[in-house]
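Colleague: no sequence on this one, just coordinates:
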């Protein structure tokens, strides 16, 4: 049987992706209906001649006159470490409570312009996520808080300090409470500052609030193991990974730590011959589910039933009986079998916020002996470490009638707390309310005072995301606006005029330096810590004991839920996350890895449900009479569920976020003061309207040729080339009119491991940030004009209700026989002697022949000028937003074609450095922006002529194949076949079968 | 046929419009040229009502021009301190610069500076002047007023542009004559005029269009009369002492003021400029105002150029591109910095092939060298004429 690959329901059913003719006519209409504002100039032949006449005469005269004067203004006194025109890298830390990443910040002439991963970090290992990559743009956001404010009017810091301190003292003396609400504090120095604040104001009530928490995990661990923490999951040591609605590669708790460790056990390079087996039970299709070897769609509400049944059957295997457990709605025997066979080397995780689920997960892990082997409590995590009940308790305190002060730091409950109306009401009663924010948000207008905070790139800070693993954040730019460290506010209000930098150093001198086994002096230790960005302390083993009482208590309460209603399921999207960075246009335009929708959230429904209800792609439905959302038919979505991403639909966050998507937090429900990620659909009606979604999915159709190759681990072990058999046959058949290309010295190549790619999109934003790629907006994306130089193609195969999913990063293949190059009438694109397909923008006249002739569809055309153009009011339309541009890369004008350059500016820079150091260039020194950003190191880059280089070694790997190799374009990018560790033979062998 | 004539008619119509606009564009540009193109002279101050006695200012001006004899046979102030912008390089500060530096200065101070100055150069130059207190006051009034009024606008005639316009008018006249007035008997003369003038127009247009965006021979006045001849030639200071980042970075870098002070904390007076110019460095440091130099060598934004590649890796001397800067008192752009000029050099310049381990990877070229197939490796052999070596 031949495996059928498809990319959308339309394609599966009709054999072609969309009605092309209709689409084409719509497209044409759209082109010609554009207003003059977007076109910028009315262009006709008449005007062309007019302007030509004018410009020739003007130009000749201009040449006779003097040119505009350009100035060169040197430093007055040059700082020693700065060389103008050369970038420096500073180690720092990305942290916003929920997320953490150790980073290097590229600073050029005083401006941070790019974020890269810090290889020295034992936690993130040099990886980044899309949101980390994009956070440099958030620094240059004009919607940031700029000045201290009182009741919406600008005041001075002195006035703010005076008034706030007076009120704090008054409230403290009157027996009231001072409430400080923050996200999880995992910075030792921030904690010390809060402690000092508490000594001054003993009534301080520190509340930790997370819009998307791991509350149930922490509470369950408290009950089961007596440790209120998230343990360290050692995915790299697990032979079996079982996930229940836990998108641990994308969004669940700490994906930047989990993804590289999970992939380490799934790579088949460097001699590794085995991989872990991954089973995922989930409601909507996530990137984690896409990587799973077996995926089972379930209702989120049924998760506890599945877990209970699994636990009962597993317990029976171990000889104890658990009675009165309701039946599981899905088959679990295979799971029980697998778990039983992988004792002490499996991990079961659940993303549920129901205590029952987490207690059952703990019970299963305990039963299998995983706790202590793959699940380690001696180095627990400190991020997202809160209990949802804390915030509920805080609301009760606010309601107590006593004088109240509320200080909010980087939290936005008016937007993201399900019962936000109650919060707003109670906030009005507070005698003092202060918001310490770095960005405008929905909560600002409900507060009396606003103390603007530094962006994290302007701040000193430290962090301890995991016990023993510390890192330091250092400022890389002077604060742009009149802002202040959050911690300095606390210090100042407690009468301490120390700077936060001195305070951190003091904390490290007394708190952290003694714990390190450093023999150096403190100053040396501190300098090294700031330079490296990370410090590793020895963790002391912790002994925990398991209490089985909890799970026995909750088992009888587990009852099958009513299935009459559809289930509403909420999830965090890869790009927007909890919504804190929603005003970042890069992230809004990052396609969802699965649905490829940009610029909004949507109601994901299964193909079967859509057919039953008569919903089409883009049909707008009203849910619970509260929100209107377009339908996206999502293969793999559980049948009777509707999934909605959180984090969208802001009303007061800046021009990009406002009105983009719908706020789904307001549909969430609280149960035992925990936020639930599913709720029954009380009502739904189709409005009859059908909207066009800005999807990148239907772009760049590859005419049904299977571009992805896959095999099973079993077949791979029998024949390593089982996934990519045809490669060598094609090579033999090939004849060409052109000479074989010859290279000397350097030939750049890339190797992409489909096993390692998790589709997270970090490479897309990394590339966007490195290469000055413009944001084009929803309307243009819908017209298939997204400008990203690298995209991640996602293919489906087999059953649309539960398909197998493939991710394939696709960018310019830098073919040695490039079809695009020989059709250019002006030779604007040609081949370099290092194998790069070059693009000279100033030579390009925009015929787009190359776009037509590229079989990979990776070339992009600048339909408009995207800089300083009001019609594209994103970061490149503002002086502030343009500060993020990379000065080494041209900002392209309207009318030229552009594409991936293999980050030629980085190649040239590293080549030059090698020349200056008088040594050969090694490929470990050189990474493209996409390879640098990749959290799982799926993308490798290097010199294919160097026999030692990783790319030339991977080129010889039997799994290596080239996309569309039958065209003999000789691409410089090789892909390694996807290998899945299927237990049953449910996948037909597909090794390179195409031409259906 | 019908179709063709239709089409031709259309084209003619368009041509007419084009010509019309061409002329319009001309007049427009001509009329507004002074406001469109920036002037590289020091910014002019807005005019304001003078607070000084008009009479005193007038007298001061005459004294400055030595029209009222100030005692003995001495040079006029204006002989050294030019009032109008001059094309020739002048070591002495211009009158306007002096006026700006002395804003709000008292008569007594000015007298001290004029008649018993501190510097060696200025004392020699000002020897023999006899000025009464009243005269000093008048000169001061003139200078104070000058600082306010700004330097007089130079009435530079745009000869090139005028000739160009004249040629176009000539062509139009010749055509008009041939069609309407028929003043000239022989049409051949009209034709000749049109041809010659037309060719000249085309030549000028082409020439100017090629030069568009280039600025060969650009030689602006700098905020400090810094002489490379004095520093690099007389005092033999290495280029890279001041332009140190040329070795490491993309930009050669204008030295920061603290680099100047390495010497000029001790060297406080120049032989030709006296103290006036060197004092500007100290003033910059004291006022926390960086010196705003005029950039001479400008490349377009779409061109990537890296100094360290040429200076450190390529071992190209500064003079190859910048000309004999060590001979220049005022720096001038010698090369046209065009792409053809870059490429020509890339084709002929030898790479440091044997002296740098980076090039070890080029096995084929090394083999060819060894076998004597080639005797040297020029930059284009390793791809330096590829687009993406400079454009990305």
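Modeller: That came through fine. Being a predicted model, the structure only gives us computed values, none of them experimental. Numbers count the residues shown, from 1 in each chain, chains lettered A, B, ... in the order given.

Colleague: From one end of stretch A:123-138 to the other, what's the distance?
Modeller: Using Cα to Cα, to the nearest Å, the end-to-end distance of stretch A:123-138 comes out at 24 Å.

Colleague: got it, and stretch A:198-205?
Modeller: For stretch A:198-205, the end-to-end distance is 8 Å (Cα to Cα).

Colleague: Just the mean pLDDT for that stretch, thanks.
Modeller: Average pLDDT, stretch A:198-205: 90.

Colleague: Any chance you could list what contacts it?
Modeller: A:168-169, A:171-172, A:175-180, A:194, A:197, A:206, A:394, A:397, A:493-495 (Cβ atoms under 8 Å, 6 or more residues apart in numbering or on different chains). For glycine as for every other residue, the C-beta is placed from the backbone atoms N, C-alpha and C.

Colleague: Buried residues in stretch A:880-891, which are they?
Modeller: By neighbour count on 16 or more other Cβ atoms under 10 Å in any protein chain shown, the buried set for stretch A:880-891 is A:881, A:883-891.

Colleague: Take the contacts of stretch A:198-205 and keep only those in strands.
Modeller: A:177-180, A:206 (DSSP state E).

Colleague: Just the closest of these to chain B, please.
Modeller: Nearest to chain B out of the ones in strands among the contacts of stretch A:198-205 is residue A:180 (Cβ to the nearest Cβ; 40.1 Å).

Colleague: what bridges to the closest one?
Modeller: According to DSSP bridges, the residues that bridge with residue A:180 are residue A:206, residue A:407.

Colleague: Give me the pLDDT value at it.
Modeller: pLDDT, read off for residue A:180, is 92.

Colleague: That one reaches residue A:197, doesn't it?
Modeller: Yes - between residue A:180 and residue A:197 there is a contact under Cβ atoms under 8 Å: 7.3 Å.

Colleague: Could you list the domains of chain A?
Modeller: Here the domain parsing of chain A from automatic domain parsing is A:1-33, A:87-139, A:149-213+A:386-536, A:216-380, A:562-690, A:706-733+A:748-980.

Colleague: Deepest-packed of the ones you listed, please.
Modeller: domain A:87-139 (a mean of 24; mean count of other Cβ atoms under 10 Å in any protein chain shown).

Colleague: That one spans what distance, first to last residue?
Modeller: End-to-end span of domain A:87-139 (Cα to Cα): 18 Å.

Colleague: Over it, what's the mean pLDDT, rounded is fine.
Modeller: 90.

Colleague: same deal with stretch A:837-854?
Modeller: Mean predicted lDDT for stretch A:837-854 stands at 92.

Colleague: can you tell me if that stretch touches chain B.
Modeller: Yes - under the criterion of Cβ under 8 Å from any Cβ of the partner chain, chain B is reached by stretch A:837-854 at A:838-843.

Colleague: what does that stretch rub up against?
Modeller: Residues outside stretch A:837-854 that contact it (Cβ under 8 Å, 6+ apart) are A:812, A:814-815, A:818-821, A:823-832, A:857, A:859-861, A:890, A:892-893, A:895-899, A:901, A:904, B:302, B:386-388, B:391.

Colleague: Kindly report the same for stretch A:399-407.
Modeller: A:167-168, A:170-171, A:174-181, A:397-398, A:426-427, A:429-436, A:447.

Colleague: and the residue nearest to residue A:221 when sequence neighbours are not counted, what is it in contact with?
Modeller: In space, and not counting its chain neighbours, residue A:221 is closest to residue A:227: 5.4 Å by Cβ to Cβ, 6 or more residues apart in numbering or on different chains. When contacts are counted by Cβ under 8 Å, 6+ apart, residue A:227 is found next to A:221, A:377, A:380, A:542, A:544.

Colleague: ok, back up a step: what subset of the buried residues of stretch A:880-891 is also close to chain B?
Modeller: Of the residues in the buried residues of stretch A:880-891, proximity to chain B by Cβ under 8 Å from any Cβ holds for A:888-891.

Colleague: and these, which of them are in strands?
Modeller: Among those, no member lies in strands (by DSSP E).

Colleague: Now for residue B:186, how many residues are close by?
Modeller: Under the neighbour criterion other Cβ atoms under 10 Å in any protein chain shown, residue B:186 is assigned a count of 8.

Colleague: how near is it to residue A:90?
Modeller: 80 Å (Cβ to Cβ, to the nearest Å).

Colleague: next one: residue A:768
Modeller: For residue A:768 relative to residue A:90 (Cβ to Cβ), the value is 21 Å.

Colleague: Need the phi and psi values for residue A:309.
Modeller: Phi and psi for residue A:309, reported as degrees, to the nearest 10, are phi -60, psi -40.

Colleague: do residue A:572 as well
Modeller: Dihedral angles for residue A:572 - degrees, to the nearest 10 - are phi -90, psi 130.

Colleague: Look at the residue nearest the centre of chain B and report its pLDDT.
Modeller: Nearest residue to the geometric centre of chain B (Cα atoms, centre = their mean): residue B:220, 2.6 Å. We have a pLDDT of 85 for residue B:220.

Colleague: same question, the one 10 residues further on
Modeller: At residue B:230, the predicted lDDT confidence score is 90.

Colleague: contacting residues around it?
Modeller: Taking Cβ under 8 Å, 6+ apart as the test, what residue B:230 contacts is B:270-272, B:329.

Colleague: Now do the SS call for it.
Modeller: helix (DSSP: H, G, I helix; E, B strand; the rest coil).

Colleague: so what's residue 229 closest to, chain neighbours aside?
Modeller: Here I'm looking at chain A. In space, residue A:229 is closest to residue A:380, 3.5 Å off (Cβ to Cβ, 6+ apart).

Colleague: wrong one, I was asking about chain B
Modeller: Per Cβ to Cβ, 6+ apart, closest to residue B:229 is residue B:329, 5.3 Å.

Colleague: rewinding a little: in TSV, list the ones in strands among the contacts of stretch A:198-205 along with distance to residue B:121.
Modeller: What follows is the ones in strands among the contacts of stretch A:198-205, written out as TSV (distance: Cβ to Cβ, whole Å):
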residue	distance to residue B:121
A:177	76
A:178	70
A:179	73
A:180	68
A:206	71
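
Colleague: hang on, the earlier thing: which of the contacts of residue A:227 sit farthest apart?
Modeller: Using Cβ to Cβ, the two most remote members of the contacts of residue A:227 are A:221 and A:542, lying 12.0 Å apart.

Colleague: Now for the two: what residues contact both?
Modeller: What both residue A:221 and residue A:542 touch, as defined by Cβ under 8 Å, 6+ apart, is the set A:227, A:377.
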